[in-house]
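Trainee: sequence first, then the predicted structure:
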Amino acid sequence: MIDRVLPWPPTADNKGITKEFIFENFDVAWAFMNEVAKIANQLDHHPDWSNVYNKVNITLCTHDEGKVTEKDTELALRIDLIEAKFKS
């Protein structure tokens, strides 16, 4: 069971957190993903994600621990900041 406030909703199995991002079009979604990739590489923590046209779905989980860790919450918060740049 998750015992702290998470920045994103938990996955169905409570082992991760997930969020869907919707952008104006494919180009904006792809640019968002490029920015997320840079941060993920810096943090050495990479998302499970998918992209269909203007939608990007991201799930974060620290797989070697089988649960949400600080790595996931840190990356989620950074991704939310990146999203804000593309929505403003």
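Mentor: Looks like it arrived, so ask away.
Trainee: so what's the closest residue to Leu6 other than its chain neighbours bridging to?
Mentor: Nearest non-adjacent residue to Leu6, counting by C-beta to C-beta, 6 or more residues apart in numbering: Ile17, 5.3 Å away. (Glycine included, C-beta is placed from N, CA and C.) Beta-bridge pairing for Ile17 (DSSP bridges): Pro10, Leu60.
Trainee: where do the helices sit along this protein?
Mentor: Taking DSSP state H, the helices of the chain run over residues 26-43, 70-87.
Trainee: who are the packing partners of the first one?
Mentor: In other words, helix 26-43. strand 48-52, strand 55-60, helix 70-87 (3 or more C-beta pairs under 8 Å, 6 or more residues apart in numbering; DSSP states H and E).
Trainee: adjacent strands (with direction) for the shortest one?
Mentor: Using DSSP bridges, the strands paired with strand 48-52 in its sheet are strand 55-60 (antiparallel).
Trainee: go ahead and flag the most central residue of the chain.
Mentor: Residue closest to the average C-alpha location in the chain (C-alpha atoms, centre = their mean): Ile58, at 4.4 Å.
Trainee: so where's this structure uncertain?
Mentor: For the chain, the stretches with pLDDT under 70 are 1-4, 88.
Trainee: hang on, the residue nearest to the centre of the chain packs against Asn51?
Mentor: No. At 9.7 Å, Ile58 does not count as touching Asn51 under the criterion of C-beta atoms under 8 Å.
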